[in-house]
Every structure is written in C-alpha cells, then in structure tokens.
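Asker: Using only what follows, build the 3D model:
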Amino acid sequence: ARVSEVGATIVDDELMPSIHVKYSSLHTPNELRIALERQGLRDMKSYLDVLGVTKKVLGTREAHRTATYAMAKRAFEQRTRWLDVRFTLFRPDSGSTAEASNTIAMNEALWGMHDGLREFKAEEPGFRYFLTPGIRKERNSFRRDFGDKARDLADQVAQLRAFMQNPNNRGVARKIQFVDTFGNETGFGIDDFDLFRPFLSALSDLRIGLRSHHGEHFGHLEDGINSMRWAMERWNVNQIEHGIAAGINTVDRMHTIRDHILALCNGEATQKPLQKYEVDELRRIEIHHPKLRPVIDTVISKAEKKESLSISDIMALDFAISEHAAYMYELQRSVVAGLKDRNVSVTMLPTSNRALAEVARMRKHPFISLGQTGIRLGLGTDNVTVLGTNMLREVAKVMLARPKDFAMSGALTMALASETSNPENEVNLYLKQGA
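Answerer: Below you'll find the model as predicted:
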C-alpha cells in the first residue's frame with residue numbers, strides 16, 4: 001500500500017495564525033485531497049464532508065489493521081498511553097451527511113482494528129486500547145436498503161448484540177466498553193431522542209456504557225443545554241462529549257449580541273452584518289416572551305437596515321436580553337445539577353469547539369467554569385485526522401489560555417510550550433515569566 005500525506009491549513013484569525021491539518025492513509029483519492037485542501041472548516045457540514053471522504057480508504061480488514069497500527073504508533077510517540085478508537089458502526093448512504101459505503105462486514109472491520117492495536121501492544125506492553133462503535137444521530141442519515149432511520153437502527157443494534165454475544169469474538173468484545181452516538185446536532189430534538197431510546201435501551205444488558213455528543217449549539221444555546229438534559233433523562237448516558245452549552249456564559253453571549261446590534265444601529269461601518277445565530281437567538285426570546293415580539297421585530301429590522309434605535313427600543317432590548325440570559329442560566333444550573341446527581345462525566349474538545357466557531361476565543365472556553373462546579377470533567381481531541389491535534393495540545397490550549405487558573409511546574413510548562421505552535425502573545429509572555 002502507498003502511504004502519503006496531505007496537508008491543509010485552516011486560517012484562524014482569532015486564536016492562531018494557522019492550524020495544520022494532516023492526514024495519512026493507505027491511499028489518497030483525489031477527492032480526499034480536494035476535501036482536505038478546502039479552506040475554512042467552520043461548520044458541521046464541511047467537517048462531515050471530510051469525514052465521509054476519508055472513510056473511502058478503509059475497505060478491507062487489512063486496511064483497518066494497518067491504519068489502527070499506524071494510529072497507535074503515532075499516538076504513543078505523542079506520549080499517549082491509552083487510546084479509545086471510535087468508529088462509525090455502519091456508514092449511511094442517504095441524507096445530507098451521506099458517506100461512502102464499503103462492502104466490508106462489521107465483524108471484519110472490528111477484527112481488523114483489533115489486530116492492528118493488538119500488534120502494537122505486543123511491541124509496547126504499556127499501551128492500552130479500547131474500541132468504541134458509533135451510531136450517527138441524524139434522522140435522515142441511514143442505509144438506503146432499510147428505508148428509514150428506525151429500521152437502520154434496529155439492524156445496527158441487532159448486529160452489534162450478535163457480535164458481542166458470539167463466543168468467538170470474546171477477545172474483541174472485551175475491548176468494547178462504550179457505544180457512542182454522534183453527528184450534526186442541529187435540529188436534533190426531543191422526538192429524535194425518543195426514536196433512539198428503545199434501541200439504545202436494548203444494549204443495556206451487554207454491560208457497556210453509553211457516550212453521546214451533545215451540548216453543541218450552532219445557533220440556539222437553549223437547544224444545546226436541553227440536548228444534554230434529554231440525553232441524561234431519556235438515554236441515561238454515562239458520558240457526554242462537547243457539553244459546552246452547559247458552561248457558556250449566557251450574560252456574555254447575549255450582551256455580545258446586544259452590543260453588536262447597537263454598533264450596527266449607530267452606523268459603525270466596520271461592523272459585520274447581523275449574523276444568523278444572532279437572529280435565531282433573538283427569535284427564541286419570542287417563544288418565552290410573546291409580548292416582546294414587536295420589540296424583537298423592530299430591533300432586527302433596524303439592525304439589518306442600520307437604522308438608529310430609540311431610547312425605548314434600547315430599554316426594551318436590554319430587558320429582553322437580560323431575561324433570556326437569566327432563563328438560560330437557570331437551565332444550565334439544572335443540567336449541571338443533573339450531571340452531578342447522575343455522576344455523568346463531560347469530555348470537552350477545545351480545538352473542535354474553536355474550529356466550528358462555537359467559542360469566539362479560547363480564553364472564553366467554558367472548561368474552567370464547568371470544572372469549578374464539581375462535575376466530572378475531561379479533555380479530548382475529537383477527530384485528530386481533521387483537526388490535526390493531540391492530547392497534550394488540548395491540555396495546553398485550556399491551560400495557556402487562562403494560565404492564572406493553573407499551577408504548572410517548569411517541566412510541564414516546557415512540555416506544553418514544545419507542543420503549542422504560534423500561541424497568543426499573552427501565552428508567550430506567561431511562558432517567559434514561568435521560565
């Protein structure tokens with residue numbers, strides 16, 4: 001097999017001058033290069049497009065073995081001693097997130113990954129690994145042969161159960177401790193949670209945990225908060241990935257929108273137009289405060305036309321902004337209490353959150369504020385193929401963004417510095433002081 005590497009640069013004008021994205025594979029189809037060279041990986045669709053293309057290279061058991069061996073070796077060289085390999089259980093071929101379907105059977109893919117990881121562990125006995133099958137969440141993302149999401153889910157769960165219960169697969173089954181659900185969270189509502197619920201419950205007797213990606217908001221912060229609550233209440237999840245909606249500063253978010261509106265209405269030429277997420281957040285206020293609809297209509301119209309707001313308009317806007325911020329804060333408090341009561345851990349993914357524009361600047365990332373609540377909190381990399389990161393860099397980003405919140409030894413400071421390229425100026429200053 002031919003091993004090659006494709007590099008691309010995602011421009012990030014706020015955090016770092018560049019983040020390098022690298023991908024190593026057995027083959028490099030032309031469409032893979034095109035996908036990775038696309039600039040501005042700032043939304044979920046472009047992210048999923050890249051993931052869908054990369055999976056075309058994994059069509060055999062041997063390809064899975066070689067790929068996971070290389071992944072384990074690279075991770076070990078980057079000081080990782082414990083690896084959780086997550087993979088799509090079955091690749092959908094319909095819907096907006098359609099991916100390339102391969103003919104490889106589930107058991108062949110699982111055994112191929114196990115072979116590669118076990119081979120590397122034989123060379124490095126201190127290395128540990130687990131396998132985590134994942135199921136896509138989007139309702140319109142399923143295998144065409146099954147006609148709809150429910151039938152597709154039923155088959156996925158049935159095949160996974162059969163594999164886990166087969167004595168011949170015992171060696172691989174021991175390495176599966178979680179099932180993961182992931183995908184585009186936009187529009188994933190309570191009906192979708194209820195659709196998944198019976199199928200995920202059918203896995204409970206296998207004694208494996210449930211991990212799910214929730215708390216990304218992509219517009220409505222309230223939806224991100226509620227998705228975490230529904231994941232706990234309806235799915236009984238053990239772990240939540242992302243989870244940033246529970247820690248975003250609601251006052252800061254809403255007042256940032258308010259300040260942008262005032263700047264537009266004051267005719268500041270340098271201001272970018274009113275953004276879709278800002279309009280969406282303002283429209284959400286109407287749901288909880290129907291009497292404020294005329295105010296919201298007026299504010300949005302004048303901001304889009306860059307017309308001046310009256311004193312009464314500004315006072316009404318301030319009231320609406322404050323009420324909505326307080327409402328979402330109470331939702332967050334309820335979710336955090338649920339996380340603690342149910343002992344649900346949250347794994348945050350700083351590079352992913354920043355690349356998908358959910359966090360304006362890394363020093364505003366809610367890792368610190370959520371950690372202060374006492375919940376079980378961790379850091380993760382999300383997809384290293386697309387994001388070009390590793391665990392030490394994730395640690396570095398949250399620690400160096402707010403250094404006063406951490407006590408670091410000189411050795412750790414130097415290790416983090418060696419793994420962090422082009423940090424913000426204040427980070428360089430901190431490292432000099434630390435030295």
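
Asker: now Asp252, nearest residue through space, not along the chain?
Answerer: Spatially, and ignoring its direct neighbours in sequence, Asp252 is nearest to Lys364 (7.3 Å; C-beta to C-beta, 6 or more residues apart in numbering). From N, CA and C alone the C-beta is placed, and that goes for glycine too.

Asker: Now do that neighbour against Leu282, distance only.
Answerer: Distance, Lys364 to Leu282, by C-beta to C-beta, to the nearest Å: 21 Å.

Asker: These two - which one has more neighbours?
Answerer: Comparing Lys364 with Leu282 by other C-beta atoms under 10 Å, the one with more neighbours is Leu282, at 25 against 17.

Asker: Report the contact partners of the more buried one.
Answerer: Neighbour list for Leu282: Ile257, Ile296, Val299, Ile300, Ala320 [criterion: C-beta atoms under 8 Å, 6 or more residues apart in numbering].

Asker: cutoff 6 Å now
Answerer: Leu282 sits next to Ile296 when contact means C-beta atoms under 6 Å, 6 or more residues apart in numbering.

Asker: how about the helix or strand encompassing it: buried residues?
Answerer: Per DSSP states H and E, Leu282 falls inside helix 276-288. Neighbour counts using 16 or more other C-beta atoms under 10 Å place Tyr277, Glu278, Val279, Glu281, Leu282, Arg284, Ile285, Glu286 of helix 276-288 among the buried residues.

Asker: of the residues you listed, closest to Met228?
Answerer: Arg284 (17.0 Å; C-beta to C-beta).

Asker: Can you tell me how far the closest one is from Pro294?
Answerer: Shown here: Arg284 relative to Pro294, a distance of 16 Å by C-beta to C-beta.

Asker: likewise Ala154?
Answerer: 48 Å.

Asker: So for those two, which sits in the more crowded spot?
Answerer: Taking other C-beta under 10 Å, Ala154 and Pro294 do not tie; Ala154 has more neighbours (14 against 10).

Asker: Can you classify that one as helix, strand or coil?
Answerer: helix (DSSP: H, G, I helix; E, B strand; the rest coil).

Asker: Packing partners of the helix ranked longest in the chain?
Answerer: When every helix of the chain is counted residue by residue (DSSP state H), the longest turns out to be helix 311-342. Contact partners of helix 311-342 among helices and strands, from 3 or more C-beta pairs under 6 Å, 6 or more residues apart in numbering; DSSP states H and E: helix 221-235, helix 250-265.

Asker: Which one, of these, ends up nearest to Phe76?
Answerer: helix 221-235 (32.3 Å).

Asker: Please export the C-alpha coordinates of the closest one as CSV.
Answerer: Taking Å, rounded to 0.1, in the frame of the first residue of the first chain, the C-alpha atoms of helix 221-235 are listed here in CSV:
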residue,chain,number,x,y,z
LEU,A,221,-27.8,27.9,23.1
GLU,A,222,-31.0,26.7,24.7
ASP,A,223,-31.2,23.7,22.3
GLY,A,224,-27.6,22.7,23.3
ILE,A,225,-28.5,22.9,27.0
ASN,A,226,-31.7,20.9,26.5
SER,A,227,-29.9,18.2,24.5
MET,A,228,-27.7,17.5,27.5
ARG,A,229,-30.7,17.2,29.8
TRP,A,230,-32.6,14.9,27.4
ALA,A,231,-29.5,12.7,26.9
MET,A,232,-29.4,12.2,30.7
GLU,A,233,-33.2,11.8,31.2
ARG,A,234,-34.1,9.8,28.1
TRP,A,235,-30.9,7.9,27.3
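
Asker: mind checking how far it is from the chain centre?
Answerer: The chain centre lies 15 Å from the centre of helix 221-235; the measure is C-alpha atoms, centre = their mean, to the nearest Å.

Asker: Tell me which residues of it come out buried.
Answerer: 221-232, 234-235.

Asker: do the same with stretch 349-368
Answerer: Buried residues in stretch 349-368 (16+ other C-beta under 10 Å): 349-356, 358-359, 362-368.

Asker: quick one: terminal-to-terminal distance for it?
Answerer: In stretch 349-368, first residue to last residue: 13 Å (C-alpha to C-alpha, to the nearest Å).

Asker: So for it, mean pLDDT?
Answerer: Mean per-residue pLDDT for stretch 349-368: 76.

Asker: can you check stretch 254-267 too?
Answerer: If you average the pLDDT over stretch 254-267, you get 92.

Asker: I would like the residues contacting it, please.
Answerer: Gln271, Glu278, Lys302, Ala303, Lys306, Ser308, Leu309, Ile321, His324, Ala325.

Asker: Please produce CSV containing the buried residues of helix 276-288, extended by distance to Asn266 and pLDDT.
Answerer: Listed next are the buried residues of helix 276-288 as CSV, based on distance: C-beta to C-beta, whole Å; pLDDT from 0 to 100:
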residue, distance to Asn266, pLDDT
Tyr277, 21, 85
Glu278, 16, 89
Val279, 19, 91
Glu281, 20, 89
Leu282, 18, 91
Arg284, 25, 89
Ile285, 22, 90
Glu286, 24, 87
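
Asker: Closest to Lys175 out of those?
Answerer: For the buried residues of helix 276-288, the nearest to Lys175 is Tyr277 (39.9 Å; C-beta to C-beta).

Asker: gap between that closest one and Arg283?
Answerer: Taking C-beta to C-beta as the measure, Tyr277 falls 11 Å from Arg283.

Asker: just Gln159 next, same as before
Answerer: Taking C-beta to C-beta, one finds Gln159 at 42 Å from Arg283.

Asker: The closest residue to Asp84 other than its chain neighbours: how many residues sit nearby?
Answerer: Leaving aside its chain neighbours, Asp84 sits nearest to Phe130 (5.0 Å; criterion: C-beta to C-beta, 6+ apart). Counted with other C-beta under 10 Å, residues neighbouring Phe130 total 15.

Asker: Tell me if Phe130 really is in a strand.
Answerer: Yes - counting by three-state DSSP, Phe130 falls inside a strand.

Asker: ok, now which ones touch it?
Answerer: Counting by C-beta under 6 Å, 6+ apart, Phe130 has contacts Asp84, Lys175, Gln177.

Asker: can you dump the C-alpha coordinates of the helix or strand where Lys73 lies into PDB?
Answerer: Assigned by DSSP H and E, Lys73 belongs to helix 61-77. Below are the C-alpha coordinates for helix 61-77, written out as PDB (Å, rounded to 0.1, in the frame of the first residue of the first chain):
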ATOM      1  CA  ARG A  61      -9.800  -5.900   7.200                       C
ATOM      2  CA  GLU A  62      -6.100  -5.400   6.300                       C
ATOM      3  CA  ALA A  63      -6.700  -1.700   5.700                       C
ATOM      4  CA  HIS A  64      -8.200  -1.400   9.200                       C
ATOM      5  CA  ARG A  65      -5.300  -3.300  10.700                       C
ATOM      6  CA  THR A  66      -2.700  -1.100   9.100                       C
ATOM      7  CA  ALA A  67      -4.500   2.100   9.800                       C
ATOM      8  CA  THR A  68      -5.000   1.400  13.500                       C
ATOM      9  CA  TYR A  69      -1.400   0.200  14.000                       C
ATOM     10  CA  ALA A  70      -0.200   3.400  12.500                       C
ATOM     11  CA  MET A  71      -2.600   5.400  14.600                       C
ATOM     12  CA  ALA A  72      -1.400   3.600  17.800                       C
ATOM     13  CA  LYS A  73       2.200   4.200  17.000                       C
ATOM     14  CA  ARG A  74       1.700   7.900  16.300                       C
ATOM     15  CA  ALA A  75      -0.300   8.400  19.500                       C
ATOM     16  CA  PHE A  76       2.300   6.500  21.500                       C
ATOM     17  CA  GLU A  77       5.100   8.700  20.100                       C
END
